[in-house]
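1. Got a sequence here, can you model it:
(one chain, ligands or ions: 3)
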Amino acid sequence: MRYLPTGKKMGEADRHTIDGIGIPSLVLMERAALQCLHVIAARQIDTGNVLIVCGSGNNGGDGFALARLFLEKGVHPTVTFVGKEASRSEECTTQMEIFKTLGGEIFSEIPEKDYTLVVDAIFGVGLSREISGRYATILETMNQLKGIKLAMDIPSGVSAENGQILGIGFRADYTVSMQCEKLGTVLFPGKEYAGEVFAVPIGIDETYFTKQKEVVRTCDRKDLKSVLPRRLMNSHKGTYGKVLLIAGSEGMSGAAFFSAAAAYGIGAGLVKIYTPESNRQVLQQLLPEAIITTYEKESVSSVTEWADVIGIGPGLSKGKKAAEILETVLTQAEVPCVIDADGLNLLAEQNRLELLKTRKQATVLTPHMKEMSRLLGGKPVAEIQTGRFEILKKFVEEYSVTCVLKDARTLVMKQDEHPYLNTTGNQAMAKGGSGDVLTGVITGLLAQRISAYDAAITGVFLHGMAGDQAKKEKGSYGVLARDLIHEIEYCERWQ
Ligand SMILES: NC(=O)C1=CN([C@@H]2O[C@H](COP(=O)(O)OP(=O)(O)OC[C@H]3O[C@@H](n4cnc5c(N)ncnc54)[C@H](O)[C@@H]3O)[C@@H](O)[C@H]2O)[C@@H](O)CC1
Ligand SMILES: Nc1ncnc2c1ncn2[C@@H]1O[C@H](COP(=O)(O)OP(=O)(O)O)[C@@H](O)[C@H]1O
Ligand SMILES: [K+]
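-> Numbers count the residues shown, from 1 in each chain. Ligands and ions are numbered 1, 2, ... in the order given. Model (predicted):
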């Protein structure tokens, strides 16, 4: 697990480390510059002709410190200072003076040369407004230069707060992020400007973020061992829970199959599908492991009583029967529920959202942006995209739910937990059926008795990993929902 702080939160952690713990700012800066040098060496970047462009803040200080370390190695970088003398920070001035004392020359323009490496140390997390004027011209020139581009901490122009480009952004091949990758290079479009990101330790105390619940976190592959539910030798199918999937409608059996197969694929003990009679035969053939029961044969009350966890919505339709079933589940089922697709669309109508407030067990909602817009009474998608953290925070507090807002960067939120931003998954998954698989995975994880928040983040992570594995094999065009299920069945190998 790692944190993805905004620039503001990173600044707070810097201050806490410097003032609260007493590690001098220049010590942190030294480590920042050293780590950059290590990345340059590890990536075997040609240092035959290095350009370092420094601003007047501490990011510029990082740049001057790096320039000095290059001098020590016998490399003479071209250093350009583009900041304002008057606003130069204390540390930036110190680093600049040391560099000059050692014989380093500082330019005010970028000399025309064929650079092999271009380092951006103009703005870091202190960027606070649109870039314009001379700064914009310099960044434009830097983007056009040949040579490998490396950004110190974050590419200048990328907002560390939300990934937006403030006027113009440095287009990096590599970004060396001090201590933590910033939220702004995980979210789009910032991610596209950052290239490969290396988060390097420089001594900033990250435990500062533990109590700061608004700081976003994410998981990596190495965390899998701790997030997957345990599989005991001495167990039986009851140990791993009974999943009920209320899915599919007349002529729509695929969604039910995908979610049910995914629930089994992630380890649920027993899966029952509740669907119209017309789907029985095809589902029995597609997934003989599942129990199929139908609207015509059994009442919704009796099936919900059987279940340890319920997933409702994939392919459900928005008919009268579907609405009745959803209402019964929401008012009667005393087990955790995952609501997706048409379940969400029905929830958005006729004040049904209010029913969530009466639930005694956990509810997980898995809307994509358009479904979220419906849940929010038609709030435009663009508004949700830019304000997702604040909007979702308010929503999960009001309705006491865990919300999985699906996107290229899926966000999971629950009251009193860190927001979780997912970094697995890819464009190959932008296809019908992918979401049904996610519903099955989260429901299947909940059946194995982990918390709603853990099931949601683990499910989203695994679902994205499955997409990444499938893309490795098939590329970005041919991946199908069934490939995601196939990959999920092998998730234990990813640990
Ligand atoms: N001691 C520390 O605090 C450490 C800081 N570090 C580096 O310092 C950076 C943060 O330093 P700062 O807080 O000084 O901030 P920056 O160096 O990112 O920039 C701040 C300066 O840019 C100006 N500015 C912001 N937006 C502008 C715009 N659009 N146009 C023109 N000027 C603009 C600000 O007024 C300020 O003078 C980090 O990103 C990191 O690279 C690291 O060396 C680690 C230690
Ligand atoms: N470009 C992308 N990058 C990462 N994940 C993606 C991308 N496109 C889609 N996904 C993932 O695929 C799933 C699509 O879900 P959804 O839109 O509900 O599909 P459906 O309803 O057709 O099953 C979500 O989990 C989403 O995060
Ligand atoms: K930078």
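2. CA only for contacts and neighbour counts going forward, please
-> Will do.
3. Not counting its neighbours along the chain, what's nearest C491?
-> L462 (7.3 Å; CA to CA, 6 or more residues apart in numbering).
4. Which of the three states applies to the one you found?
-> With DSSP: H, G, I helix; E, B strand; the rest coil as the basis, L462 sits in helix.
5. can you tell me which residues contact the residue in the stretch 151-300 of the chain positioned nearest to ligand 2?
-> Going by CA to the nearest ligand atom, ligand 2 is nearest to A255 of the stretch 151-300 of the chain, at 7.5 Å. Going by CA atoms under 8 Å, 6 or more residues apart in numbering, A255 touches A247, G248, P314, G315, G433, D436.
6. list the contacts for the third one?
-> Contact criterion CA under 8 Å, 6+ apart gives I246, A247, G248, A255, A256, S259, D340, A341, D342, G343, D436, T439 as the residues in contact with P314.
7. Sitting in strands, which of those do you find?
-> Members of those lying in strands (criterion: DSSP state E): I246.
8. Just put the contacts of P314 in TSV and tack on pLDDT.
-> TSV is the format used below for the contacts of P314 (pLDDT from 0 to 100):
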residue	pLDDT
I246	98
A247	97
G248	95
A255	97
A256	98
S259	98
D340	98
A341	98
D342	98
G343	98
D436	98
T439	98
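9. Between the contacts of P314, identify the one with the most neighbours.
-> Among these, the one with the most neighbours (other CA atoms under 10 Å) is S259, at 35 neighbours.
10. Might one say that that one is in contact with L244?
-> No: applying CA atoms under 8 Å, one finds S259 not in contact with L244, separated by 10.3 Å.
11. before we move on, back to that, go back to the contacts of P314 and keep what's next to ligand 1.
-> Among the contacts of P314, no residue lies close to ligand 1 (CA under 6 Å from any ligand atom).
12. Show me which residues of this protein are close to ligand 1?
-> Counting by CA under 6 Å from any ligand atom, the chain sits next to ligand 1 at 14, 25, 28-29, 32, 56-60, 62, 87, 123-131, 152-153.
13. Could you check how many residues crowd around Y399?
-> Neighbours of Y399 under the rule other CA under 10 Å: 18.
14. For the residue nearest to C491, the count of nearby residues, please.
-> 27.
15. Quick check, pLDDT for it.
-> Per-residue confidence at L462 stands at 97 (pLDDT).
16. who touches P229 in this structure?
-> L445, Q448, I450.
17. Tell me the secondary structure of the last one, please.
-> This points to I450. For I450, the assignment made with three-state DSSP gives coil.
18. any idea which helix or strand of this structure has the worst average confidence?
-> helix 224-227 (a mean of 88; mean pLDDT, DSSP states H and E).
19. Export it to PDB, keeping only CA atoms.
-> Coordinates of each C-alpha in helix 224-227 appear next as PDB, following Å, rounded to 0.1, in the frame of the first residue of the first chain:
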ATOM      1  CA  LEU A 224      -1.600  -8.900  -3.000                       C
ATOM      2  CA  LYS A 225      -0.500 -11.400  -0.400                       C
ATOM      3  CA  SER A 226      -2.000  -9.200   2.400                       C
ATOM      4  CA  VAL A 227      -5.300  -8.400   0.600                       C
END
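20. Buried residues in it, which are they?
-> Under the neighbour-count criterion of 16 or more other CA atoms under 10 Å, helix 224-227 has L224, V227 buried.
21. Relative to the whole chain's centre, how far out is that helix?
-> 17 Å (CA atoms, centre = their mean, to the nearest Å).
22. Okay, strands next: where are they in the stretch 101-250 of the chain?
-> 106-107, 117-121, 148-152, 174-178, 196-200, 216-218, 242-246 (DSSP state E, counting those that start in this stretch).
23. okay, those, which one's buried deepest?
-> By mean neighbour count, with neighbours taken as mean count of other CA atoms under 10 Å, strand 242-246 ranks first of these at a mean of 30.
24. Parallel or antiparallel, list what pairs with it.
-> Here strand 242-246 is paired, per DSSP bridges, with strand 270-275 (parallel), strand 309-312 (parallel).
25. Export those strands to a markdown table and append columns for mean neighbour count.
-> Below are the strands paired with strand 242-246 laid out as a markdown table (neighbours: other CA atoms under 10 Å):
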| stretch | mean neighbour count |
| --- | --- |
| strand 270-275 | 25 |
| strand 309-312 | 30 |
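26. Could you report the pLDDT at the closest residue to H463 other than its chain neighbours?
-> Nearest residue to H463 in three dimensions, chain neighbours excluded: L438, at 6.1 Å (CA to CA, 6+ apart). According to the prediction, L438 has pLDDT 98.
27. any idea how far L438 is from ligand 1?
-> 36 Å (CA to the nearest ligand atom, to the nearest Å).
28. Verify the stated contact: K431 with G478.
-> No: if you go by CA under 8 Å, K431 and G478 don't touch, sitting 9.9 Å apart.
29. Quick one: name the residues of this structure near ligand 2.
-> Listed as neighbours of ligand 2 in the chain under the rule CA under 6 Å from any ligand atom: 368, 406-408, 410, 425-427, 429-436.
30. In helices, which of the residues you listed fall?
-> Counting by DSSP state H, those place S434, G435, D436 in helices.
31. Please name the residues that touch the closest residue to the last one other than its chain neighbours.
-> Read it as D436. What sits nearest to D436 in space, not counting adjacent residues and going by CA to CA, 6+ apart, is S259, at 5.0 Å. By CA under 8 Å, 6+ apart, the residues touching S259 are L245, P314, D436, V437, L438, T439, G440, V441.
32. Surely the second one is in a helix?
-> No: the secondary structure assignment for P314 gives coil rather than a helix, going by three-state DSSP.
33. mind listing what the residue nearest to R221 when sequence neighbours are not counted touches?
-> Among residues not flanking R221 along the chain, Q495 sits closest, at 6.6 Å (CA to CA, 6+ apart). By CA under 8 Å, 6+ apart, Q495 lies in contact with R221, K222, D223, L224, K225.
34. right, and the first one touches E492 too?
-> No: between R221 and E492 no contact is recorded; they are 11.0 Å apart, counting by CA under 8 Å.
35. Any idea how many residues pack against G378?
-> Other residues within reach of G378, judged by other CA under 10 Å, total 12.
36. and what of the one 3 residues further on?
-> By other CA under 10 Å, the residues close to V381 number 17.
37. Ok, H463 next?
-> Other residues lying near H463 total 29 when counted by other CA under 10 Å.
38. what sits against it?
-> H463 neighbours (CA under 8 Å, 6+ apart): G425, V437, L438, V441, L484, I488.
39. Please list all residues in contact with the fourth one.
-> Neighbour list for V441: S259, A262, A263, G265, I266, G459, H463 [criterion: CA under 8 Å, 6+ apart].
40. So which of the residues you listed are in strands?
-> Using DSSP E, no member of the contacts of V441 falls in strands.
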